[in-house]
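Novice: This is a predicted model, with the sequence first.
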Amino acid sequence: MIITLIMFMAISTSVYAQFDEPEIVKVEAKDKAAFQAKFAEIKWTGQGFNYNKLDRIPAIEIRAHLQSVYGEPTQTIEDIAKTGTYRPGKAIQFEYWFIIDGKIPMMVLDLDGPFEDGLVYVGASRYIDLMPQVKRTFTRVVTEAEPKEFTDYFFSPERGQWYEVKYANGKYSKTEVKKPSHINIK
């Protein structure tokens, strides 16, 4: 009887754990090197991040919600320019890096700056079975947040144009600009 009770409790605890919401913690810019070192051997995949309502929202709007929940991105095009590793194929507006439940890496970035809907999601391939729950939780947290003001820059290699991308005074905008002087990209 006691063994049965112990087995029942163990089974019900593991079943319950499968439905716990994952803890999603943003990696701060100052912690990028540690994140990269810790997960240097990870095989990244986009599989498991099932399509949902977040993928139908314009990236510029998602960015304002991310600002509200997680603050500044882990990395922007400005940060990449500072490292000297920029190339047109790395033309991103922003990247948010996360650690899920203290052990699972995830990155979220824009597809084409402010011009597309949704984001790109990548995570560790060995945790692919957990990604649907991670994406559901991430979607809920992000979409329930009120948008917060931000200003980013984006270079579109297809258009050969720089943009100032922002959410301010309740309005989203993507304005053509000359290359900002503080961004050191040739």
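Specialist: Structure's in. What do you need?
Novice: Please count neighbours and contacts with C-alpha atoms only from this point.
Specialist: Fine.
Novice: Report the helix or strand with the lowest average pLDDT across this protein.
Specialist: Using mean pLDDT, DSSP states H and E, helix 2-18 stands out as the lowest-scoring helix or strand of the chain, at a mean of 47.
Novice: Downstream of that helix, the next helix or strand is which one?
Specialist: As assigned by DSSP states H and E, the chain's next helix or strand after helix 2-18 is strand 24-26.
Novice: Look up how far residue 66 lies from the residue nearest to the spatial centre of the chain.
Specialist: Per Cα atoms, centre = their mean, the C-alpha nearest to the average position across the chain is that of residue 108, at 2.4 Å. Noted for residue 108: a distance of 10 Å to residue 66, by Cα to Cα, to the nearest Å.
Novice: How much space separates residue 92 from residue 183?
Specialist: 13 Å.
Novice: From the neighbour counts alone, determine which of the two ranks first.
Specialist: residue 92 (23 against 14; other Cα atoms under 10 Å).
Novice: Quick check: pLDDT value at the residue nearest to residue 28 when sequence neighbours are not counted.
Specialist: Excluding its sequence neighbours, the residue lying closest to residue 28 (Cα to Cα, 6 or more residues apart in numbering) is residue 74, at 5.4 Å. Listed pLDDT for residue 74 reads 97.
Novice: what do you get for residue 45?
Specialist: Value for residue 45, per-residue pLDDT: 95.
Novice: you'd agree it is up against residue 120?
Specialist: No - judged on Cα atoms under 8 Å, residue 45 makes no contact with residue 120 at a distance of 10.4 Å.
Novice: residues shared between the contacts of the two?
Specialist: By Cα atoms under 8 Å, 6 or more residues apart in numbering, residue 45 and residue 120 have no common neighbours.
Novice: Over to the nearest residue to residue 46 once chain neighbours are set aside. Which of the three states is it?
Specialist: Leaving aside its sequence neighbours, residue 46 sits nearest to residue 122 (Cα to Cα, 6+ apart; 4.4 Å). At residue 122 the chain is in strand, as set by DSSP: H, G, I helix; E, B strand; the rest coil.
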